[in-house]
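A.B. asks: what follows is a protein structure lacking sequence information:
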């Protein structure tokens, strides 16, 4: 119990003092996960909308694959991204393994199915007759999809929350493709693992508090938007 | 006169396994054409085909006499507008909804807002312009939906049961307002409805669709007064359909024997022929029998006992046993004034012009 209280005290001191190491880690995590979420949105929203609005053979199989992807274990993603980016691998020439870019790639792979799946569900709950009404008012296919996405905007904010929340807290992939290099690829979660294993509970607790605060703030902001529009 | 929009040889299966088959159906400029028929008769499917929202398996949709192919569908669709039973408003403001279709056509900003305001005004909902669509009542929402369609100044307005979801007062008020707009602007309109009253209130012509086929297409009054078959007659509100034998024809009056009574009918038929007569309930009036002070100059006065009285919102439906069941509708006032009760003897009166001879029975069949 003493360790915990001590840890909290030290953690607050570290945060209040603006420890450059801790702030660097925080900034990197935020940057990497935000970029990965953005990429996931760019890929996942059109894909989810397309899957919701079209019918083709094999669609159910693809939707099942997306749903499976929503629960993709990060270590599995880490493994395959590592293999692909390995010096002798197909993308080895890019030399991005053990850089923040590699973490962005891995996290985008984790978040994209989440965004796709939630977009798919959100667009599908817009009634088909509403879509017919838009077409009957002269909407082209693209205009129709745009309005339908607008209708689904509230549930789709959940896609942003789930995507970002998933990747900022993820550890396996970041560790494997980033390598937890101090000052370069050390994120909140990988740093936490390291400090805990070294017995530096105070630093680990400080990082944990930061992570929780960060996830909370992002969700709070998005929930505020969502709930205000829902009224 | 080239029709604005027409179906030719259209065939299309629709759930749950019926087939819509329309040889020819044309919408004329400035007319209101009602397509009426029971549930499941294919009315909505027909409207979707007309609106280029569903492609028929065979046949074509013609605009201005020319068949529309798939590439032109969007452009042609933008000359029409459809309003469905549910308003399907987007989750934005009322004005945002009314300008939606204008936006699809590249009309934005001040111009769009002005046009939207004018149409909200015409449907009496200008005050709601800034409201969010989801806060509207059913009647308000449908007014917004109509404004959203008419703001597009469509060549043809397509309406699929637009009043069916409304309560009676909202519905009556909206039908009156829409009738005024259609009269003033002379917008060619196709109205799909299962409600005869709506067709009578709004339509110049009526097409009766039963089981996927147009059974009759004619001026509204003619469809209601002279249905071409028993099926159509039943659907347009004829309640009494009876068989009889023509006794004689003289001086423009045909005498028909039905159930032991002799009726005088204006319609022509050959003596000896078997005929089917259709009589609308509102054409039959009930009076006290002559010896009780009743009287009428009409040709047909049939005494009979009241078999059943069913009270409706417009009065009552009374079945009189005159040797055959004759159905009359009476107002709430006459129900009270005459003191109508089941079992009492009454005189059912109708003019010689009231019965309509249904075609279809070959003459002289026994």
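C.D. replies: In hand now; what should we look at? Predicted model, so just to flag it, every value in this text is computed and none were measured. Residues are numbered from 1 along each chain as shown, chains lettered A, B, ... in the order given.
A.B. asks: grab the nearest non-local neighbour of residue B:30.
C.D. replies: Once flanking residues are discounted, residue B:30 sits nearest to residue B:186: 4.0 Å by CB to CB, 6 or more residues apart in numbering or on different chains. All C-beta spots, glycine's among them, are computed from the backbone N, C-alpha and C.
A.B. asks: what's next to stretch B:12-26, contact-wise?
C.D. replies: Residues from elsewhere that reach stretch B:12-26, judged by CB atoms under 8 Å, 6 or more residues apart in numbering or on different chains: B:3, B:5-11, B:40, B:42, B:45-46, B:49, B:54, B:56-59, B:207, B:211-214, B:217.
A.B. asks: so for the biggest helix by length in chain B, mean pLDDT?
C.D. replies: In chain B, with assignment by DSSP state H, the single longest helix is helix B:168-185. Averaged over helix B:168-185, pLDDT sits at 94.
A.B. asks: okay, buried residues for that helix please.
C.D. replies: B:170-171, B:174-175, B:178, B:181-182 (16 or more other CB atoms under 10 Å in any protein chain shown).
A.B. asks: likewise stretch A:128-143?
C.D. replies: So, applying 16+ other CB under 10 Å, buried residues of stretch A:128-143: A:130-139, A:143.
A.B. asks: okay, and residue B:9 sits in which element?
C.D. replies: Assigned by DSSP states H and E, residue B:9 belongs to strand B:5-14.
A.B. asks: partner strands of that strand and their direction?
C.D. replies: strand B:18-27 (antiparallel), strand B:58-63 (antiparallel) (DSSP bridges).
A.B. asks: ok, which of those strands comes nearest residue A:218?
C.D. replies: strand B:58-63 (51.4 Å; CB to CB).
A.B. asks: what sits against residue B:261?
C.D. replies: B:302, B:322-324.
A.B. asks: next up, phi/psi of the residue nearest to residue B:30, please.
C.D. replies: Dihedral angles of residue B:186 (phi, psi; degrees, to the nearest 10) stand at phi 50, psi 50.
A.B. asks: count the residues that sit near it.
C.D. replies: 11 (other CB atoms under 10 Å in any protein chain shown).
A.B. asks: and the pLDDT at residue A:210?
C.D. replies: Value for residue A:210, per-residue pLDDT: 87.
A.B. asks: next: residue B:294.
C.D. replies: Note for residue B:294: predicted pLDDT of 59.
A.B. asks: repeat for residue B:314
C.D. replies: 80.
A.B. asks: helix, strand or coil for the residue of the stretch 151-300 of chain B found nearest chain A?
C.D. replies: Minimum separation of the stretch 151-300 of chain B from chain A (CB to the nearest CB) falls at residue B:152, amounting to 7.0 Å. Three-state assignment for residue B:152 (DSSP: H, G, I helix; E, B strand; the rest coil): coil.
A.B. asks: for it, list the residues it contacts.
C.D. replies: With CB under 8 Å, 6+ apart, residue B:152 has these contacts: A:137-138, B:78, B:81, B:101-102, B:105.
A.B. asks: go again using 10 Å as the cut-off
C.D. replies: A:137-138, B:78-81, B:98, B:100-102, B:104-105, B:107, B:115, B:119 (CB atoms under 10 Å, 6 or more residues apart in numbering or on different chains).
A.B. asks: list the buried ones in the lowest-mean-pLDDT helix or strand in chain A?
C.D. replies: Of all helical and strand segments in chain A, the minimum by mean pLDDT, DSSP states H and E falls on helix A:2-17, at a mean of 80. Buried residues in helix A:2-17, defined by neighbour count with 16+ other CB under 10 Å: A:7, A:10-11, A:14-15.
A.B. asks: got a pLDDT number for residue 135?
C.D. replies: Because you didn't say which chain, this covers chain A. 97.
A.B. asks: wait, chain B
C.D. replies: 94.
A.B. asks: again, but for residue B:70
C.D. replies: At residue B:70, pLDDT is 86.
A.B. asks: contacts only, for the closest residue to it other than its chain neighbours.
C.D. replies: Excluding the flanking residues, the one nearest residue B:70 by CB to CB, 6+ apart is residue B:55, at 7.5 Å. Contacts for residue B:55 (CB under 10 Å, 6+ apart) come out as B:10, B:12, B:48-49, B:61, B:68, B:70, B:73.
A.B. asks: and if you look at residue B:353?
C.D. replies: Contacts of residue B:353 (CB under 10 Å, 6+ apart): B:225, B:265-267, B:283, B:298-299.
A.B. asks: stretch A:154-172 and chain B, any residue contact?
C.D. replies: Yes: for stretch A:154-172, a contact with chain B is found by CB under 10 Å from any CB of the partner chain, at residue A:154.
A.B. asks: what's the strand or helix carrying residue B:142 packed up against?
C.D. replies: Under the criterion of DSSP H and E, residue B:142 resides in helix B:138-150. Under the contact criterion of 3 or more CB pairs under 10 Å, 6 or more residues apart in numbering or on different chains; DSSP states H and E, helix B:138-150 touches helix A:128-136, strand B:80-83, helix B:94-98, helix B:100-104, helix B:109-122, strand B:156-160, helix B:168-185.
A.B. asks: tell me the buried residues in it?
C.D. replies: B:139-150.
A.B. asks: is the helix or strand where residue A:28 lies in proximity to chain B?
C.D. replies: Element membership for residue A:28 (DSSP H and E) is helix A:20-53. No: Helix A:20-53 stays clear of chain B (CB under 10 Å from any CB), getting no nearer than 15.5 Å.
A.B. asks: quick one: pLDDT of residue A:102?
C.D. replies: 96.
A.B. asks: likewise for residue A:19?
C.D. replies: On the pLDDT scale, residue A:19 gets 82.
A.B. asks: what is the neighbour count of it?
C.D. replies: Neighbours around residue A:19, by other CB under 10 Å: 15.
A.B. asks: mind listing what the residue of the stretch 251-366 of chain B found nearest chain A touches?
C.D. replies: Of all residues in the stretch 251-366 of chain B, residue B:313 sits closest to chain A, at 30.2 Å by CB to the nearest CB. Neighbouring residues of residue B:313 by CB under 10 Å, 6+ apart: B:168, B:332.
A.B. asks: swap in residue A:4?
C.D. replies: A:201-202, A:205.
A.B. asks: and if you look at residue A:171?
C.D. replies: Counting by CB under 10 Å, 6+ apart, residue A:171 has contacts A:74-75, A:78, A:180, A:187-190, A:192-193.
A.B. asks: for these, work out which two are farthest apart.
C.D. replies: A:75 and A:188 (17.7 Å).
A.B. asks: show me which of those two is the more surrounded one.
C.D. replies: More crowded of residue A:75 and residue A:188, by other CB under 10 Å: residue A:188, with 25 against 14.
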